[in-house]
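Enquirer: what follows is a predicted protein model with its sequence.
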Amino acid sequence: WLPFTSKKLYTNAFIVSPGPPRKILLGYKKRGFGAHLYNGFGGKVEDGESPGQAALRELKEECGVEARLNHCGTLLFVTTGEPEWAFQIELYRADAYSGTLIESEEMRPEWFSAHDDHPLEIPEIPHPSLRPIPYDSMWPDDVHWLPLLLANRPFVGRADFVNDTPGKYNMLRWWFGV
Ligand code: 6OG
């Protein structure tokens with residue numbers, strides 16, 4: 001595992017609407033860190049703020065809505081690009097939101113199908129207008145824990161990344177569990 005001496009705190013929030021059709025809201029990141037990837041809505045926890053407060057603020061700033069968020073996981077990312085820093089991300093989930101979804105300078109909100117992540121339930125016919133979760137256009141760690149978030153199983157995990165070319169992160173080692 002890569003060494004680190006300090007952590008920066010971030011948040012990431014997902015809205016999973018029970019439907020039918022069951023669907024998940026992701027944001028297409030238009031600029032900054034992780035640009036051109038889909039992700040939940042979130043950002044840095046500011047001084048004097050709790051992670052829960054930051055998650056609500058970032059959700060509102062990035063897609064215009066309010067939601068009753070539940071904490072559902074904690075992730076730690078370490079990279080060779082930032083030798084002494086690790087990123088701790090607090091993950092949140094909500095079933096519903098209030099307000100009107102808007103596209104912000106940073107994120108474009110889009111719905112995706114979340115139907116096939118419930119293998120123990122009677123399969124639902126996917127809604128024709130909903131695309132499957134775009135794991136190929138997401139951070140490579142997401143495929144390991146997003147199914148746990150969708151299944152309502154609290155999780156923790158860590159992923160270490162090698163940043164050998166600018167902007168390119170290869171996942172070196174990971175562990176995710178419930
Ligand atoms: P801003 O600095 O743009 O917030 N984030 C990651 N999310 C996933 N799924 N995987 C990663 O693997 C991530 N690294 C950072 C945390 C950045 C947003 O990106 C998330 C924040 O929600 C390395 O405000």
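Expert: Sure, I can see it.
Enquirer: which bits of the protein sit near the ligand?
Expert: Counting by C-beta under 6 Å from any ligand atom, the chain comes close to the ligand at 10, 12, 32-34, 39, 42-44, 77, 87, 89, 139, 141-142, 161. (Each C-beta comes from the backbone N, C-alpha and C, glycine too.)
Enquirer: can you do 8 Å?
Expert: Residues of the chain lying close to the ligand by C-beta under 8 Å from any ligand atom are 10-12, 29, 32-34, 39-44, 58, 75, 77, 79, 87, 89, 106, 138-142, 159, 161, 169.
Enquirer: next secondary structure after the longest helix along the chain?
Expert: Determined from DSSP state H, the single longest helix within the chain is helix 51-63. Following helix 51-63 in sequence order, the next helix or strand is strand 70-79 (DSSP states H and E).
Enquirer: that following strand packs against which elements?
Expert: When contacts are defined as 3 or more C-beta pairs under 8 Å, 6 or more residues apart in numbering; DSSP states H and E, strand 70-79 packs onto strand 85-94, helix 142-150, strand 155-165.
Enquirer: distance to His71, mean neighbour count and mean pLDDT added to these, as a markdown table?
Expert: Below are the helices and strands packed on strand 70-79 laid out as a markdown table (distance: least, C-beta to C-beta, whole Å; neighbours: other C-beta atoms under 10 Å; pLDDT from 0 to 100):
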| stretch | distance to His71 | mean neighbour count | mean pLDDT |
| --- | --- | --- | --- |
| strand 85-94 | 6 | 20 | 96 |
| helix 142-150 | 11 | 20 | 95 |
| strand 155-165 | 11 | 17 | 93 |
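Enquirer: brilliant, that's me finished.
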